[in-house]
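>>> give me a model of this one.
(one chain, ligands or ions: 2)
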Amino acid sequence: MAAHSRRGALIVVEGLDRAGKSSQCESLRDKLQELGHSVKYIRFPDRTTPIGKLIDDYLRGQSQLDDHSIHLLFSANRWEIARSIEEDIAAGITVIVDRYSYSGAVYSAAKSNPTLSLEWAWMPEIGLPQPDLCLFLSIAPGEAAKRGGFGAERYENETMQSRVRELFQTIFRVQQSGNIQVLDAGRAFPDVSIDIEKSAVDCIARLDSIGPLKRFASIAV
Ligand code: NYM
Ligand code: MG
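Ligands and ions are numbered 1, 2, ... in the order given. So this is what the prediction gives:
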């Protein structure tokens, strides 16, 4: 295989809770492996690190933190993993990421804290590896509701989810990279999987023309 001299792809999957992100990421990993690619699947927050444990406590309502502080912890959690993502990609491994900087910015901005704008929320993401492809699994609020009730974690309520949904649209509009694809995730699981696989395979095939891994730049909202 020519894979040795080629870098891996950074593929991010985003969406609201219950959009099917995690199951689709696992399915994509298996499919790409079948096709002979080296693949890793990771998720944010990574609750296993010391920073991740602070985040986990907060999400489960075990601790109270200032909105800005928890926001920066989510970002710090990405920065502490960023190097290993870059190393994997340089080694030819495609990395599938379940939630990334987009979730980071929109969930915090959805709190409507007057000193925590979307623009502010994006700033600590500047310089992190930019995905070669971001797949947004779009699901209508009604469809999400059919998939079962909200869990017990913070943010899992109607008001937050509808603000988050709007802010995802805003941030995708102002991101100039052109690597964001919105998929209708209200369809049957295998139909969504097929689209995800096609987009991922196409992205990996285009890596030579995409060039080196890019980094996030600032946004103007
Ligand atoms: N979340 C996730 C944030 O608020 N900021 C972030 O940077 C990230 C990565 O954490 N409701 C929120 C979104 C989710 C919650 O994620 C936990 P998951 O994928 O449900 O475990
Ligand atoms: Mg969740």
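>>> flag every residue of this structure that's near ligand 1.
Of all the residues in the chain, those in contact range of ligand 1 (C-beta under 6 Å from any ligand atom) are 17, 44-45, 59, 74, 99, 103-104, 107, 155. Placement of C-beta: from N, CA and C, glycine included.
>>> now do the SS call for the closest residue to residue 138 other than its chain neighbours.
Of all residues not flanking residue 138 in the chain, residue 182 sits nearest, at 5.1 Å (C-beta to C-beta, 6 or more residues apart in numbering). At residue 182, secondary structure determined by DSSP: H, G, I helix; E, B strand; the rest coil is strand.
>>> got the contact list for residue 182?
136, 138, 172 (C-beta atoms under 8 Å, 6 or more residues apart in numbering).
>>> ok, now residue 210?
Contacts of residue 210 were listed using C-beta under 8 Å, 6+ apart, and they are 132, 203.
>>> again, only this time at 6 Å
With contacts defined as C-beta atoms under 6 Å, 6 or more residues apart in numbering, the neighbours of residue 210 are residue 132.
>>> for residue 7, same thing?
Contacts were defined as C-beta under 6 Å, 6+ apart; by that measure residue 7 touches 89-90.
>>> lowest-confidence entry in the residues of the chain next to ligand 1?
Lowest in pLDDT among these is residue 17, which has 88.
>>> residue contacts, the most centrally placed residue in the chain?
The geometric centre of the chain, computed from its C-alpha atoms, lies nearest to residue 99 (C-alpha atoms, centre = their mean), at 2.5 Å. Residues touching residue 99, when contacts are defined by C-beta under 6 Å, 6+ apart, comprise residue 44.
>>> the one 5 residues further on now?
Each residue near residue 104 by C-beta under 6 Å, 6+ apart is listed here: 74-75.
>>> could you rerun that using 7 Å?
With contacts defined as C-beta atoms under 7 Å, 6 or more residues apart in numbering, residue 104 is in contact with 74-75, 78, 125.
>>> is residue 12 in a helix, a strand, or coil?
Following three-state DSSP, residue 12 is assigned to strand.
>>> who does it bridge with?
On DSSP bridges, the residues paired with residue 12 through beta bridges are residue 97, residue 134.
>>> and it, what does it touch?
Applying C-beta under 7 Å, 6+ apart, the residues near residue 12 are 97, 100, 131, 134.
>>> can I get those residues in CSV including pLDDT?
Written out in CSV, the entries for the contacts of residue 12 read as follows (pLDDT from 0 to 100):
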residue, pLDDT
97, 98
100, 98
131, 98
134, 98
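>>> next SSE downstream of the helix or strand bottoming out on mean pLDDT in the chain?
For the chain, counting by mean pLDDT, DSSP states H and E, helix 141-146 ranks last in confidence among helices and strands (a mean of 74). Reading on from helix 141-146 to the C-terminus, the next helix or strand found by DSSP states H and E is helix 158-174.
>>> what about the nearest residue to residue 23 once chain neighbours are set aside, how many residues nearby?
What sits nearest to residue 23 in space, not counting adjacent residues and going by C-beta to C-beta, 6+ apart, is residue 189, at 7.0 Å. A count of neighbours around residue 189, defined by other C-beta atoms under 10 Å, yields 12.
>>> same check, this time on residue 80
Around residue 80 there are 14 other residues, counting by other C-beta under 10 Å.
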